[in-house]
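> below are the sequence and a predicted model; questions follow.
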Amino acid sequence: KNQVEQSPQSLIILEGKNCTLQCNYTVSPFSNLRWYKQDTGRGPVSLTIMTFSENTKSNGRYTATLDADTKQSSLHITASQLSDSASYICVVSGLSGGSYIPTFGRGTSLIVHP
Amino acid sequence: NAGVTQTPKFRVLKTGQSMTLLCAQDMNHEYMYWYRQDPGMGLRLIHYSVGEGTTAKGEVPDGYNVSRLKKQNFLLGLESAAPSQTSVYFCASRKDGTGYYGYTFGSGTRLTVV
């Protein structure tokens, strides 16, 4: 069964600090991996997409990495801001029965304190 | 460009009542989805559609029905609401099923069944 595990479940940091969120998956065959940001009371919004051949991708202060061999991804947030407080969801798409099926992680809740 | 619009945003139902959640997208996307999000559970797929006139069951379809009579609309119905259906419901759309295109999510409907 395809699974996506995220850690930590929740994280509290001070404004200006860096942090790293982890995503481990067992989805096979692998198609791509996305990180979404979900603000409280809103729907998730895509931050990055990574395919098998990519191992680093940046979007402003967000940098995602992918190790397809160990089936791990991380999302690094640099110089955190209060607006980074949100849930971050890792979604891995795999091929199943001819269709690309996404598997969602449960998310990491990040709180940035001033 | 409105993206994905969900109505209503909030609703309280009594056990046994019925209701329909409406999702509309203006991006000409083929695929549409209904998810529910519960604390600690992440997003779980209820039903989805790969095109106008088609629907399919997801991970947790029991107690829900859907219809996609028009490409831009995807309706989620609860025939006899139960307290276990208290949740936040998200509609999402995707250009196609190749896996490369990410989801565009609506802002959610918070449903409470008492």
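Structure received.

> who does the residue nearest to the spatial centre of chain B form a beta bridge with?
Averaging the C-alpha coordinates of chain B gives a centre point, and the residue nearest to it by CA atoms, centre = their mean is B:Trp34 (2.7 Å). The residues listed as beta-bridge partners of B:Trp34 by DSSP bridges are B:His47, B:Cys91.

> same question for A:Ser93.
A:Asn32, A:Pro102.

> what about it, distance to B:Gly42?
Between A:Ser93 and B:Gly42 the computed distance is 15 Å (CB to CB, to the nearest Å). C-beta: built from backbone N, CA, C; applies to glycine.

> with A:Thr103 instead?
In this structure, A:Thr103 and B:Gly42 are separated by 10 Å, where distance is defined by CB to CB.

> repeat that for B:Tyr35.
9 Å.

> ok, A:Lys37 next?
Looking at A:Lys37 against B:Gly42, where the rule is CB to CB, the gap reads 15 Å.

> and B:Asn73, by the same measure?
Separation of B:Asn73 from B:Gly42 (CB to CB): 26 Å.

> so those two - more neighbours on which side?
Of the pair B:Asn73 and B:Gly42, B:Gly42 is the one with more neighbours under other CB atoms under 10 Å in any protein chain shown, namely 20 against 15.

> skipping adjacent residues, who's closest to that one in space?
Nearest residue to B:Gly42 in three dimensions, chain neighbours excluded: A:Arg106, at 3.8 Å (CB to CB, 6 or more residues apart in numbering or on different chains).

> need the contact list for that neighbour.
A:6, A:9, A:89, B:40-42 (CB atoms under 8 Å, 6 or more residues apart in numbering or on different chains).

> dig out what A:Leu21 forms beta bridges with.
Going by DSSP bridges, A:Leu21 is paired in beta bridges with A:Leu75.

> what's the neighbour count on it?
When neighbours are defined as other CB under 10 Å, A:Leu21 has 23 of them.

> would you agree it is in contact with A:Gln9?
No. Counting by CB atoms under 8 Å, A:Leu21 does not reach A:Gln9; the two are 10.5 Å apart.

> quickly list what's touching both of those two.
Common neighbours of A:Leu21 and A:Gln9, counting by CB under 8 Å, 6+ apart, are A:Thr108.

> near chain B, which residues of chain A show up?
When proximity is defined by CB under 8 Å from any CB of the partner chain, chain A lies next to chain B at A:31-32, A:34, A:36, A:41-46, A:49, A:89, A:93, A:95, A:99-100, A:102, A:104-107.
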